[in-house]
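In: Here's a sequence, model it:
(chains A and B)
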Amino acid sequence: MAQTSRPGKRVPAHPVAIRVMHWIGVYGIACMLCSGLLIYDASPLFPFTFPRWACLGGWLGGALAWHLSAMWILFIDGGAYLIYGFVTGHFRRDLAPQGPTAIASDLRAALRFRLGHRAGHYNAVQRLLYVGVIAVAIIAVSSGLSLWKPVQFGWLSGFYGGYPVARVVHFFAMALIMAFVVVHVVLVALYPKTLVSMIAGVPADMSP
Amino acid sequence: MRRIRPIVTNADIQPELAKLRRRGLLRGALSLGALSLLTGCDLSTHSGVDAALEAMLRFDDTLQAKIFSKTRLAETYPASAITTPFRFNAFYAEWQVPVVDPTQWRFSVSGLVADKSDWTLPALMALPQDTQITRHICIEGWSQIGQWRGVPLGLFLRRIGADMRARYVNFKCFDGYSTSIDMPSALHPQTLLALDFEDQPLAPQWGAPLRLRIPTKLGFKSAKNLQSIEVTNKFPGGYWENQGYDWFAGV
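Out: Numbers count the residues shown, from 1 in each chain, chains lettered A, B, ... in the order given. The predicted structure follows:
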């Protein structure tokens, strides 16, 4: 790897651009989630509603103002991340999914809590989860766009099977992202060093 | 004289108070909305955050006006797709729907128009009419498909000699409601002054005797029980818009 050929230079586990985009994304997702729950409560799709303490905006108009404002944070942050990922080779180098054998062995190790973590390296299960959550985020954003503009972006609404179906898609995209966040935060709690490396410029673990 | 000692002193309840304070903090931390004390920001305060939210809504409105196409039509559906029963919705309950005598009712016209005379129901019914079966999308998220028939608003505006370069068309209703739309949306071919709902003259709960039907905007823009129309360059706002719903509300 290019990193090992420069032994004198300390390569951070996460470049500063990734760290900045990560925390902007956390704020954006939190705003979108909490305002989205209140929008859901205005006309629940399923026989349950979300508690008010989890909601942002106070009332439907306030929640929509948050949702339609914070969407730009996510749109710009997510767009910058995608461009960064492709241009710098971050996706190809770190997130490109590995073969089924590597996934199966890493998954077995992970389920027995025997999968170690080295800063700056992504194992097969992590790669799968990250690629998966990026795909789901793209679905969340595009289905949200189809709900905001079902007439002007009628083609997008049609792609999701029409306005009522797009609402369900948007809801489950949110639910999957939240499931990812739960797993992600639990793993960070198990390996607290990863939290440090997402804040400070911790050098990547170069051991083989 | 003996000093009266309170039964419960401050010291007695101090541990309980501390516990309650901790619980309050915990609740604050759990509420992700407390990210930066945001829970109070709902467009009703005059905080900096509310000002920022309102600025973002205005930005969204500008963008929505640019995205809006004068020729792109809302999807239309076959009669079999019509939602039954159709859901009543207003800022009051269904039993409070006001009823007017259609023979006494007048539709008044004001603002930047050549002919400001009132319109009677028969005069409106004599104008050319269009029928549409379209989806009514509520800002709350639910939607339903209905059939409306009425006079295209663009045709009516030409008939009264409206200044088509004016920015806003403002509607007032006799149930206390009001709303306003941009001129390009008013001239969209699917924007109707509806007289009929599902092959019947409008019933009171569907907006009798005249309502706006605009499938390119959220449901709250399709004002019922119309009383007057005004063509203006002065931003008119509206019942919900003044409380914080985004004004353009395009779909």
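In: CA atoms for contacts and neighbours, from now on please.
Out: Will do.
In: Residue A:101 and chain B, how far apart?
Out: 40 Å (C-alpha to the nearest C-alpha, to the nearest Å).
In: avg pLDDT for the one helix or strand that residue maps to?
Out: Taking DSSP states H and E as the criterion, residue A:101 maps to helix A:100-111. In this model, helix A:100-111 has a mean pLDDT of 83.
In: Next one: residue B:108 from residue B:155, what distance?
Out: 16 Å (C-alpha to C-alpha, to the nearest Å).
In: neighbour count winner among those two?
Out: residue B:155 (19 against 16; other C-alpha atoms under 10 Å in any protein chain shown).
In: Tell me how far the helix or strand hosting that one lies from the chain's centre.
Out: Element membership for residue B:155, per DSSP H and E: helix B:153-159. Taking C-alpha atoms, centre = their mean, to the nearest Å, one finds helix B:153-159 lying 22 Å from the centre of the chain it belongs to.
In: list the buried ones in it?
Out: B:153-157 (16 or more other C-alpha atoms under 10 Å in any protein chain shown).
In: same question for the next helix or strand after it, mean pLDDT?
Out: The helix or strand immediately downstream of helix B:153-159 is strand B:168-173, counting by DSSP H and E. Averaged across strand B:168-173, pLDDT comes to 98.
In: next one: phi and psi at the most centrally placed residue in chain A?
Out: The centroid of chain A falls nearest to residue A:133 when counting by C-alpha atoms, centre = their mean (5.2 Å). With angles defined as degrees, to the nearest 10, residue A:133 sits at phi -70, psi -30.
In: Go ahead and confirm residue A:11 touches residue A:197.
Out: No: using C-alpha atoms under 8 Å, residue A:11 is not in contact with residue A:197, being 11.7 Å away.
In: give me the element residue B:149 is part of.
Out: strand B:143-152.
In: And the strands in the stretch 1-150 of chain B?
Out: B:108-111, B:130-137, B:143-152 (DSSP state E, counting those that start in this stretch).
In: so which of those strands comes closest to residue A:16?
Out: Set against residue A:16 and scored by C-alpha to C-alpha, the strands of the stretch 1-150 of chain B come closest in strand B:130-137, at 43.3 Å.
In: packing partners for the closest one?
Out: The contact analysis (3 or more C-alpha pairs under 8 Å, 6 or more residues apart in numbering or on different chains; DSSP states H and E) places strand B:130-137 against strand B:143-152.
In: Quick one, grab the pLDDT at the residue nearest to the centre of chain A.
Out: pLDDT, residue A:133: 95.
In: Excluding residues flanking it in the chain, which one is nearest it?
Out: residue A:177 (6.4 Å; C-alpha to C-alpha, 6 or more residues apart in numbering or on different chains).
In: list the buried ones in the helix or strand hosting the one you found?
Out: Secondary-structure assignment from DSSP H and E places residue A:177 in helix A:163-190. Of all the residues in helix A:163-190, those buried under the rule 16+ other C-alpha under 10 Å are A:163-167, A:169-171, A:173-174, A:176-177, A:180.
In: which ones are touching residue A:143?
Out: A:156-157, A:160, A:166-167, A:169-170 (C-alpha atoms under 8 Å, 6 or more residues apart in numbering or on different chains).
In: my read: the residue nearest to the centre of chain A touches residue A:179, true?
Out: No: taking contacts as C-alpha under 8 Å, residue A:133 lies outside contact range of residue A:179: 9.7 Å.
In: gap between the two ends of stretch B:168-180?
Out: End-to-end for stretch B:168-180, by C-alpha to C-alpha: 7 Å.
In: what does that stretch contact?
Out: Counting by C-alpha under 8 Å, 6+ apart, B:97-98, B:181-183, B:186, B:221, B:223-241 sit against stretch B:168-180.
In: tally of neighbours for residue A:114?
Out: 11.
In: Might you report the residue contacts of it?
Out: With the criterion set at C-alpha under 8 Å, 6+ apart, residue A:114 makes contact with nothing.
In: Give me the below-cutoff pLDDT ranges for the stretch 101-250 of chain B.
Out: For the stretch 101-250 of chain B, no stretch has pLDDT under 70.
In: where does it come near chain A, residue by residue?
Out: The interface of the stretch 101-250 of chain B toward chain A, taken as C-alpha under 8 Å from any C-alpha of the partner chain, is made up of B:140-143, B:216, B:243-246, B:250.
In: now do 7 Å
Out: B:140-142, B:216, B:244-245 (C-alpha under 7 Å from any C-alpha of the partner chain).
In: Just the buried ones from those?
Out: B:140-142, B:216, B:244-245.
In: Mind putting the residues you listed into JSON lines with distance to residue B:57?
Out: Shown next, in JSON lines, are these (distance: C-alpha to C-alpha, whole Å):
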{"residue": "B:140", "distance to residue B:57": "17"}
{"residue": "B:141", "distance to residue B:57": "18"}
{"residue": "B:142", "distance to residue B:57": "22"}
{"residue": "B:216", "distance to residue B:57": "18"}
{"residue": "B:244", "distance to residue B:57": "9"}
{"residue": "B:245", "distance to residue B:57": "9"}
